[in-house]
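**Student:** Kindly generate the corresponding structure for this input.
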Amino acid sequence: MFEISTKKKGIEFSVDNEIGYGFYVGHPYGITINAKAIIGNNVNIHKGVTIGQENRGKRKGTPCIGNNVWIGVNATIVGNVVIGNDVLIAPNTYINCDIPDHSIVFGNPCIVKHADDATKDYINHAV
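**Tutor:** Residues are numbered from 1 along each chain as shown. Coordinates of the predicted model:
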């Protein structure tokens with residue numbers, strides 16, 4: 001299945017990925033998830049998302065993404081960063097820093113705003 005997905009839809013991920021339950025891909029095209037990235041429960045990702053590795057510096061490593069996270073079209077998350085729970089990442093956002101729980105994140109460099117229930121009504125197929 002992995003091979004079919006990568007050829008037909010342009011999705012790159014590994015059978016070694018640690019991905020929680022309720023994982024949902026909204027638009028399955030051009031998505032790259034590093035094999036060492038950790039993804040929590042009820043995470044939604046969309047077209048063009050990159051979850052990648054930083055190879056040097058203080059953020060060397062891969063992201064750890066919490067529970068109930070919505071990642072918009074063409075968002076990029078790189079390096080040894082932690083994305084908290086209940087986080088909405090707007091389309092075209094670049095993240096290379098830790099994001100606290102209950103946040104909405106947008107832009108490049110990313111701007112973080114606190115929001116209770118940040119992902120309310122955004123998470124599809126929550127388990």
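
**Student:** distance between the ends of stretch 14-27?
**Tutor:** From its first residue to its last, stretch 14-27 covers 18 Å (CA to CA, to the nearest Å).

**Student:** Could you do stretch 73-80 as well?
**Tutor:** Stretch 73-80 end-to-end distance (CA to CA) = 21 Å.

**Student:** For it, buried residues please.
**Tutor:** For stretch 73-80, a neighbour-count test (16 or more other CB atoms under 10 Å) marks Val73, Ala75, Thr76, Ile77, Val78, Gly79, Asn80 as buried. Backbone N, C-alpha and C define where each C-beta goes, glycine included.

**Student:** Need the max-distance pair from those.
**Tutor:** Largest separation among the buried residues of stretch 73-80 by CB to CB: Val73 and Asn80, giving 24.3 Å.

**Student:** just to revisit the earlier point, nearest to Gly57, of the buried residues of stretch 73-80?
**Tutor:** Set against Gly57, the nearest of the buried residues of stretch 73-80 by CB to CB is Gly79 (8.0 Å).

**Student:** And the residue most central in space within the chain, how close does it get to Gly61?
**Tutor:** The C-alpha lying nearest the average C-alpha coordinate of the chain belongs to Ile71 (CA atoms, centre = their mean; 5.2 Å). Ile71 is 18 Å from Gly61, where distance means CB to CB, to the nearest Å.
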